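Chemist: Next comes the sequence, and after it the predicted model I'd like to discuss.
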Amino acid sequence: MAEYQLPYQDKRGFTNCLLSAIGGDGANMAAKLLFKLAAKYLNLDGAYDAKYGSEKKGTPTDVSLKLCNYGNPVRESGPNNRPHILCIFRENLIRPLGLNHGLEENATVIVNTCKTPAEIRDILQLHSGTIYCLDAAAISITSGSRLNMPMMAMLSHVLKFPEDHVIHAIEDTWPRAKEPNILAYKQAVSSAVSETFAADGKYQLEDPLDIKSPLGYTNMLDGGAIDALTHSTIKKSNAGARSNPAPKFDREICIDCTKCLAVCADPGAIVWKDAKMAGIDLNYCKACLRCVAVCPTTKKGKALTEGDLACEE
């Protein structure tokens, strides 16, 4: 095999990748696997940084992955604010997080979406580069995998990691789930649609955002505690965190076993009244489909089933 070459390099010799997701999407695990693969099989070095978010509250989170050739000095492991490659797990994060800010010229962007690359370019306001679009949500459902697997597949594809190494890493990491994960990997790579956009003056390169926290020493309570009454997410809708279709519920089939209630990551999503399952509150459900996975199959079928795939009319 020819010596591996990084697809991008900044002035310090790094290829900078940024994964933007919400808590529970698996972006952290995906980046960790790629980092391990790069170091173990491709003789690369680099740095890794993860910002964690609450899965229950749909909190945005990001993971930074910096790769360089072995022997290149690595002095920091902080977040990437000038990524060459941007991997967006949910398209509705683009505008609220200003994900176009800091993108390098001729960047590569991977998006879980049903939209075309041209449509995503306008939403992202990409200056120049290549956009890959894939319906990772549908792939994860049909393959029996998770959202992070098709997204990791496309990131490894853009990084030009050898496929046999990636598949071996998947088999080694998830031996009991290797078939659905490998299926998701192959479906992602084969189904993604891409388009390259030149620097045509339509959009400008944007500097990284200077994000300052609304919390600080001027408004913290004594002892550094946070005012939960002011900053709590109680009664605030988490529906914006949902990109998968919500599960369907059939009251006539439900046997009120409570298994769905036990695995639900979003308090309030499963509506329970008078000791019976009453439905799903879409203000809270993020469609992780854990309830569908544990719902028992009775003579009448499953009370909770997968909703219509995201790209279907």
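Modeler: Structure received.

Chemist: Give the ranges of residues in the stretch 51-200 of the chain that sit below the confidence cut-off.
Modeler: Scanning the stretch 51-200 of the chain for pLDDT under 70 picks out the ranges 54-58.

Chemist: where do the strands sit along it?
Modeler: Secondary structure of the stretch 51-200 of the chain (DSSP state E, counting those that start in this stretch): strands located at 60-69, 85-88, 107-112, 129-134, 193-197.

Chemist: contacting residues for residue 150?
Modeler: 112, 134, 136, 139, 140, 143, 184, 185, 187, 188 (C-beta atoms under 8 Å, 6 or more residues apart in numbering). Placement of C-beta: from N, CA and C, glycine included.

Chemist: Just give the closest residue to it, not the sequence neighbours.
Modeler: residue 188 (3.6 Å; C-beta to C-beta, 6 or more residues apart in numbering).

Chemist: returning to that earlier point: export the strands of the stretch 51-200 of the chain to a markdown table and append columns for mean neighbour count and distance to residue 305.
Modeler: Shown next, in a markdown table, are the strands of the stretch 51-200 of the chain (neighbours: other C-beta atoms under 10 Å; distance: least, C-beta to C-beta, whole Å):
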| stretch | mean neighbour count | distance to residue 305 |
| --- | --- | --- |
| strand 60-69 | 23 | 29 |
| strand 85-88 | 26 | 28 |
| strand 107-112 | 27 | 22 |
| strand 129-134 | 23 | 24 |
| strand 193-197 | 14 | 29 |
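
Chemist: In TSV, list these along with distance to residue 42.
Modeler: Listed next are these as TSV, based on distance: least, C-beta to C-beta, whole Å:
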stretch	distance to residue 42
strand 60-69	9
strand 85-88	16
strand 107-112	18
strand 129-134	21
strand 193-197	23
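
Chemist: hmm, back to that, using a markdown table, lay out the contacts of residue 150 together with distance to residue 11.
Modeler: Formatted as a markdown table, the contacts of residue 150 follow (distance: C-beta to C-beta, whole Å):
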| residue | distance to residue 11 |
| --- | --- |
| 112 | 31 |
| 134 | 32 |
| 136 | 33 |
| 139 | 36 |
| 140 | 37 |
| 143 | 40 |
| 184 | 36 |
| 185 | 33 |
| 187 | 37 |
| 188 | 32 |
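
Chemist: so where do the helices sit in this protein?
Modeler: Counting by DSSP state H, one finds helices in the chain at the ranges 27-41, 94-97, 117-124, 136-143, 148-158, 163-173, 178-191, 228-231, 259-263, 290-294.

Chemist: Please work out the average pLDDT along the longest one.
Modeler: Confidence over helix 27-41 (mean pLDDT, whole number) is 93.

Chemist: Check which residues of that helix are buried.
Modeler: 27, 28, 29, 30, 31, 32, 33, 34, 35, 37, 38, 41 (16 or more other C-beta atoms under 10 Å).

Chemist: Same question for the third one.
Modeler: Within helix 117-124, the residues scored as buried using 16+ other C-beta under 10 Å are 117, 120, 121, 123, 124.

Chemist: Next, the contact list for the residue nearest in space to the middle of the chain, please.
Modeler: By C-alpha atoms, centre = their mean, the chain has its centre lying nearest to residue 89, at 3.2 Å. Contact analysis of residue 89 by C-beta under 8 Å, 6+ apart lists 19, 20, 21, 22, 25, 27, 112, 136, 147, 148, 151, 243.

Chemist: Identify the spatial nearest neighbour of it, chain neighbours not counted.
Modeler: In space, and not counting its chain neighbours, residue 89 is closest to residue 21: 3.6 Å by C-beta to C-beta, 6+ apart.
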